[in-house]
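Undergrad: sequence first, predicted coordinates after that:
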Amino acid sequence: MEDVLFEEKIESAEKQPNNNEPITPNPRVKGGYFLVGDTPSSELFISEEFEEDEQMMGQMVKDFCIKEIQEPFFKRGRELLITNKADKAEMLAILKRAGNLGLCGVSIPEEYGGMGLNFKTNTLISYNLSYGFSFATTLGAQTSIGCLPIVYYGNEAQKHKYLPKIATAEYVASYALTEPNAGSDANAGKTKAKLSPDGKNYLINGQKIWITNGGFADVYIVFAKIDNDKKLSAFIVERNYEGFSVGAEEKKLGIKGSSTVQIFFDNCKVPVENLLGEREGGFKMALNILNGGRIKAGSGGVGGSLSALEKAVKYTNSRKQFGKSIAEFGAIQYKIGHIAMQIFANEAACFRIADLIDRKELELKSAGFSENEAKINAIREFAIEAAIIKVKGSDLVWYAADEAIQMHGGMGYSAETGLGMGLRDGRITRIYEGTNEINSMLCVGELLKRALGKTKEIDLVKAGKKIPSFLVSQLNPFRSKSGYAEQERIVNGLRNSFLFISGMAGKKLKKQLVEEQEIILNLATILQEIFICESALLKIKKLETHKGYDPQKLKIEQEMVQLYFYEAVEKARKAALEAIASFETGRTKRNYSRVIRLMLKPYDINPKALRRNVAQYISKTLG
């Protein structure tokens, strides 16, 4: 019966707009636009707009994770350990059961045996997959980095050979990029490929590390340099190929149920027809695949944060001290309110960007791009936002999991609650798909590249010309404070602060700016808060227009937005002043700092009262 219901949900979720109708490009469906222009709230997609069958699909993923991962955990009293032979077999069996439900084919087109779901539905699945702890990593690799290189870059023979079996989990897929001396600098890899004397095979030599699913994978996407090429190429390598071997399972801090190994190539014979994409096209391929993975990792972080909050709320409601539940104490309410408002804001950003990718894909198809070209370019378009989502979502799940343990007190340190597993599993999200430091620098670097490069895609100069008039408006004691005027002012203050500092730092440091990582990270903090703040604001505005929306819930979510803005201003101001102090001194430093303090005035709210309101509502609705 479950399978039948799932098929019905898939059928409805696959409905797509008529792609034959020409689409007029929307100038706001553009990467980085959030920095230089306003978006009407009517254009924002919010999670409340998912169709009922799509919501049911998300719920089914959550239920699957609870049934297959959480319930057995509490029954056995421990998490799965991939280093244990029986547990390894069980994790593989769970993946096969997911394949039977179609969950391994969510990213694979229908003609190759998958579901061909759009990006935002895939993001919803990643959001709910977080309830599966380390299984989220296993299935995530199968449906993203393990198969998408073939989906996007494979020829028809490769697609027909591998994708149907990956979609059912008959084949387990893996992705092999990282090497001992090539992590963030992926193109520095030393793994080599050369053509065999008979011209029928590539002979690959080298080593890869931290390979997810590697211990039981059947197919590996492997990156290596052919001969003396400067850039990587990609290959499809099967487990049974001569010269290929797999190391022992790594003993890890977290995701202990997920397979992670080293793999080795000793004149590994790979048929020439298994070159994936163009020669030297592997590095670009790797970056493009990681962009999509970053959004899914970030959305999984937000979903994981909600899971941690749910457990904390249930415990704090039931735990009595000094004659009342500890959920009634201000210190606990601070934590609950703080996590809840961050979940609201980051969730808005996750589904915003997922929808923008879908919309850009439709625009590109309408313009004549092929299916795969449209998908690749749509994801690449939002590389800036992808990096932001990854950083914010992964930071949030680490914070939420840690605070959930704290709210449990001594019980939180007990393995039986599963909170420790959540904390350790969440920690990896700040490292994989590019460390958060790399992603923070990437979002600023990509923005400046698009603004200052040949294409001048983002006009920072034009946007910066608005700074003087904004400063004048900040001095106006009679400026409007009705409705969302204050939040709109803060978004513009954040934008102008980024534009001002990047402009002044660029003028002073010139090309040296890109080497000043601390300043770049300060700028990244501001850039991240612009995107998250605007997303949260647009969502609350749109919710106001929803007929029948619970007015009490709306009021609480408005207070969540106020709280998020309050903290974002403080965080951004600190980052901005630190950046200025890092490249200026004396009078210039003081003048620049005055400009920032004028742009980022404190947000005059009562944070304690708002947090308590939010916490009390959350304790009532999630408890």
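TA: Received the coordinates, thanks.
Undergrad: shaky segments in the protein?
TA: Counting by pLDDT under 70, the ranges of the chain that qualify are 1-21.
Undergrad: how about the strands of this structure, start to end?
TA: 173-176, 192-195, 201-212, 219-226, 233-238, 244-246, 260-271, 275-276, 320-321, 324-325 (DSSP state E).
Undergrad: now the second one: buried residues?
TA: Residues of strand 192-195 classed as buried by neighbour count (16 or more other CB atoms under 10 Å): K192, A193, K194. Yep, even glycine has a C-beta here, placed from its N, CA and C like the rest.
Undergrad: name the nearest residue to G506, sequence neighbours excluded.
TA: L513 (5.5 Å; CB to CB, 6 or more residues apart in numbering).
Undergrad: and that neighbour, what does it touch?
TA: Each residue near L513 by CB atoms under 8 Å, 6 or more residues apart in numbering is listed here: A505, G506, I519, I520.
Undergrad: domain assignment for the chain?
TA: Structurally, the chain divides into domains by automatic domain parsing as follows: 1-439, 459-622.
Undergrad: any idea which of the ones you listed is most buried?
TA: Comparing the domains of the chain by mean neighbour count (mean count of other CB atoms under 10 Å), domain 1-439 ranks first with a mean of 20.
Undergrad: could you dump stretch 522-532 to PDB, C-alpha only?
TA: In PDB, the C-alpha atoms belonging to stretch 522-532 read as follows (Å, rounded to 0.1, in the frame of the first residue of the first chain):
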ATOM      1  CA  ASN A 522      34.100  39.600   7.300                       C
ATOM      2  CA  LEU A 523      32.500  40.600   4.000                       C
ATOM      3  CA  ALA A 524      31.100  37.100   3.700                       C
ATOM      4  CA  THR A 525      29.300  37.400   7.100                       C
ATOM      5  CA  ILE A 526      27.600  40.600   5.900                       C
ATOM      6  CA  LEU A 527      26.700  39.000   2.500                       C
ATOM      7  CA  GLN A 528      25.200  36.000   4.200                       C
ATOM      8  CA  GLU A 529      23.000  38.100   6.400                       C
ATOM      9  CA  ILE A 530      21.700  40.100   3.500                       C
ATOM     10  CA  PHE A 531      20.500  37.000   1.700                       C
ATOM     11  CA  ILE A 532      19.000  35.400   4.800                       C
END
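Undergrad: quick one: contacts of that stretch?
TA: 34-35, 345-346, 348-349, 384-385, 388, 391-392, 440-441, 443-444, 447, 491, 494-495, 497-498, 501-502, 505, 564, 568, 571-572, 575-576, 578-579, 582.
Undergrad: gap between that stretch and the chain center?
TA: 15 Å (CA atoms, centre = their mean, to the nearest Å).
Undergrad: can you check stretch 51-64 too?
TA: Here stretch 51-64 is found 20 Å from its chain centre; the criterion is CA atoms, centre = their mean.
Undergrad: does V569 touch Y603 like I think?
TA: Yes. Between V569 and Y603 there is a contact under CB atoms under 8 Å: 5.2 Å.
Undergrad: where do the contact lists of these two overlap?
TA: Common contacts of V569 and Y603 (CB under 8 Å, 6+ apart): I490.
Undergrad: skipping its backbone neighbours, what lies nearest Y315 in space?
TA: Nearest to Y315 is H408, by CB to CB, 6+ apart, at 5.4 Å.
Undergrad: pretty sure the one you found contacts G418?
TA: No. The pair H408 / G418 is not scored as a contact, 10.7 Å apart, by CB under 8 Å.
Undergrad: now do the shared contacts for those two.
TA: K311.
Undergrad: residues contacting the nearest residue to S42 once chain neighbours are set aside?
TA: Of all residues not flanking S42 in the chain, K542 sits nearest, at 7.0 Å (CB to CB, 6+ apart). Going by CB under 8 Å, 6+ apart, K542 touches S41, S42, L44, I46.
Undergrad: these: which two are farthest apart?
TA: The largest separation in the contacts of K542, counting by CB to CB, is between S42 and I46 at 11.0 Å.
Undergrad: spit out the contact partners of G418.
TA: By CB under 8 Å, 6+ apart, G418 lies in contact with Q70, F73, F74, E79, F133, K311.
Undergrad: separation between it and L103?
TA: 22 Å (CB to CB, to the nearest Å).
Undergrad: again with S593
TA: 52 Å.
Undergrad: equivalent analysis for R479, please.
TA: Applying CB to CB to R479 and L103 gives a distance of 51 Å.
Undergrad: do N436 as well
TA: For N436 relative to L103 (CB to CB), the value is 28 Å.
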